[in-house]
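K.L.:
I would like to see how this sequence folds:
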Amino acid sequence: MKTWSKNKRLIAILLSIWFVTTLLVGLAPEPLRFNFFGWNFTYWWGAQGSLLIYLAIVWVYAHKMHQYEKKRKS
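P.N.:
Okay, here's the model as predicted:
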């Protein structure tokens, strides 16, 4: 598989994770209203949880692109 095809597939997967993290949790808060470490889960998710997921998305993308570049150069 060519690098561009791998890149497009990775972007599609990471955008799907972003979509679920941002929109679905934000648009459907009623089923997610439960106590989470003393806080309402939807509040905690908006303040902390989603940020951790965003950092993970950036890290995964950078890591995979580094791997693709190393393969391409060798």
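K.L.:
What's the first helix or strand after the lowest-mean-pLDDT helix or strand in the chain?
P.N.:
None of the helices or strands of the chain scores lower by mean pLDDT, DSSP states H and E than helix 25-27, at a mean of 73. Per DSSP states H and E, the first helix or strand lying C-terminal to helix 25-27 is strand 35-36.
K.L.:
Could I get the average pLDDT for that following strand?
P.N.:
Averaged across strand 35-36, pLDDT comes to 78.
K.L.:
So which elements touch the lengthiest helix in the chain?
P.N.:
Longest helix of the chain, by residue count under DSSP state H: helix 50-73. Judged by 3 or more Cβ pairs under 8 Å, 6 or more residues apart in numbering; DSSP states H and E, the packing partners of helix 50-73 are helix 3-19. Backbone N, C-alpha and C define where each C-beta goes, glycine included.
K.L.:
Which elements pack onto the helix it packs on?
P.N.:
helix 50-73.
K.L.:
contacts for the helix it packs on?
P.N.:
Outside helix 50-73, the residues within contact range by Cβ atoms under 8 Å, 6 or more residues apart in numbering are Thr3, Lys6, Asn7, Leu10, Ile11, Leu14, Ile17, Trp18, Thr21, Thr22, Val25.
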